[in-house]
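Novice: just a sequence and a predicted model for now, questions to come.
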Amino acid sequence: MYRSPYIQSRWVAVDGLRIYCRYSEGDGLPVILLQGGMLDSSTLTWRRTLESLPPRYRVFAPDLPGYGKSEKPSDAPYTTAYFIDFIARFMDAMDLPRAVLFGSSMSGAAAIGLALQHPERIIGLGLAGVYGWQPRVPLHPLAYAAAHLPGLPTLVQTVLRKGPGVMRLALHVAIAHPDAITEDLVEDAQTGIMADGQIRTFVTWLRSELGPKTVHTNYADRLHEITAPVLILHGAHDWLMPLAYAYRAHERFPHAVLHVFEQGGHMVPREYPRRANRLITDFLERLAP
């Protein structure tokens with residue numbers, strides 16, 4: 001696997017917020033890797049991708065507001081619409097008129113939303129285990145009730161801070177194959193849970209998205225409007241974002257390729273980095289001028 005020696009980090013000012021960003025500053029195609037929710041940050045789902053992409057690409061992996069090392073304003077709405085707007089403002093701050101967006105889980109909906117609102121800014125979309133194209137989540141009534149429990153952020157944070165053993169068990173919810181739960185993955189996940197306010201951010205987003213019977217962001221009926229090339233990476237055992245919805249989405253995009261990881265769960269870029277990175281690099285090669 002290619003290990004880029006060019007990965008750096010910096011703080012970026014985005015409308016007054018201090019945003020932490022890891023990046024590889026090439027002079028080629030601009031690529032933005034967008035994290036998921038819950039424990040995610042720029043060092044979790046896309047870490048191996050950032051480390052492995054050839055240095056000719058301009059690759060940016062920011063911690064979204066409320067996550068990782070970035071600022072976490074307590075009065076921010078943390079809705080999908082908020083993150084869509086943030087991505088556009090981040091691109092402005094980095095002087096990126098256009099870019100390839102890769103979304104994971106929660107941020108997939110934001111990437112799709114930006115492609116619908118500003119298609120001129122999207123060169124291509126990469127979507128891994130994403131939210132945003134299904135009418136409900138698994139066990140929806142239970143998930144809705146749990147999301148609205150008083151004190152949920154504190155409870156989740158307290159439990160997951162018990163140690164690496166508890167974190168390893170928690171990761172089994174997202175990752176199908178136990179061999180993929182490596183020590184460095186557990187360490188990266190623990191970094192997320194130790195960031196004060198991060199679980200509160202995710203729960204705020206979750207409460208904004210889950211209605212009693214359906215979710216509030218479902219772009220399934222609008223996917224045909226996205227004419228940019230789309231790469232879909234999805235685990236066959238992703239019970240959080242079931243594969244059936246990825247198949248339906250693939251049929252609706254005008255120019256999409258779907259790759260199913262037969263033993264994969266919810267985080268295939270981290271579970272199977274060699275295969276995922278090869279597919280991502282091939283996708284980028286086709287998009288490069």
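Specialist: Noted; the coordinates are in hand.

Novice: switch to C-alpha atoms for all contacts and neighbour counts from now on
Specialist: Will do.

Novice: average pLDDT for stretch 121-129?
Specialist: Average pLDDT, stretch 121-129: 98.

Novice: contacts for that stretch next, please.
Specialist: Contact partners of stretch 121-129, identified using CA atoms under 8 Å, 6 or more residues apart in numbering, comprise 97-105, 108, 111-112, 115, 228-235, 238, 241, 266-269, 280, 287.

Novice: could you pick out the buried ones from the residues you listed?
Specialist: Applying a neighbour-count criterion of 16 or more other CA atoms under 10 Å, the buried members of those are 98-105, 108, 111-112, 115, 228-235, 238, 241, 266-269, 280.

Novice: what about these, which are in helices?
Specialist: Taking DSSP state H as the definition of helices, the buried ones among the contacts of stretch 121-129 contribute Gly108, Ala111, Ile112, Ala115, Val268, Pro269, Ile280.

Novice: closest to Leu152 out of these?
Specialist: Here the nearest of those to Leu152, counting by CA to CA, is Gly108; it sits at 24.1 Å.

Novice: all helices of the stretch 51-200 of the chain, in order?
Specialist: Taking DSSP state H, counting those that start in this stretch as the criterion, the stretch 51-200 of the chain contains helices spanning 80-93, 106-117, 140-147, 152-160, 164-171, 183-194, 198-209.

Novice: the residue nearest the centre of the chain: what's it in contact with?
Specialist: What sits nearest the mean C-alpha location of the chain, by CA atoms, centre = their mean, is Ser104, with 2.6 Å. Contacts for Ser104 (CA under 8 Å, 6+ apart) come out as Leu34, Gln35, Gly36, Thr45, Leu127, Ala128, Gly129, Val130, Tyr131, Met267.

Novice: return the member of the ones in helices among the buried ones among the contacts of stretch 121-129 nearest to Val14.
Specialist: Of all these, Ala111 has the smallest distance to Val14: 17.7 Å, by CA to CA.

Novice: correct me if wrong: that closest one contacts Phe86.
Specialist: No: in this structure, Ala111 is not within contact of Phe86 by CA atoms under 8 Å, at 10.7 Å.

Novice: shaky segments in the chain?
Specialist: For the chain, applying pLDDT under 70 flags the ranges 1-5.

Novice: which stretches of it form strands?
Specialist: In the chain, the strands defined using DSSP state E lie at 7-14, 17-25, 30-34, 58-62, 99-104, 122-128, 230-235, 256-261.

Novice: between the ones in helices among the buried ones among the contacts of stretch 121-129, which is nearest Glu25?
Specialist: Scanning these for proximity to Glu25, where the rule is CA to CA, the winner is Ile280, at 17.8 Å.

Novice: distance check, Arg222 against Arg248.
Specialist: Shown here: Arg222 relative to Arg248, a distance of 12 Å by CA to CA, to the nearest Å.

Novice: one more: Tyr67?
Specialist: Per CA to CA, Tyr67 is found 31 Å from Arg248.
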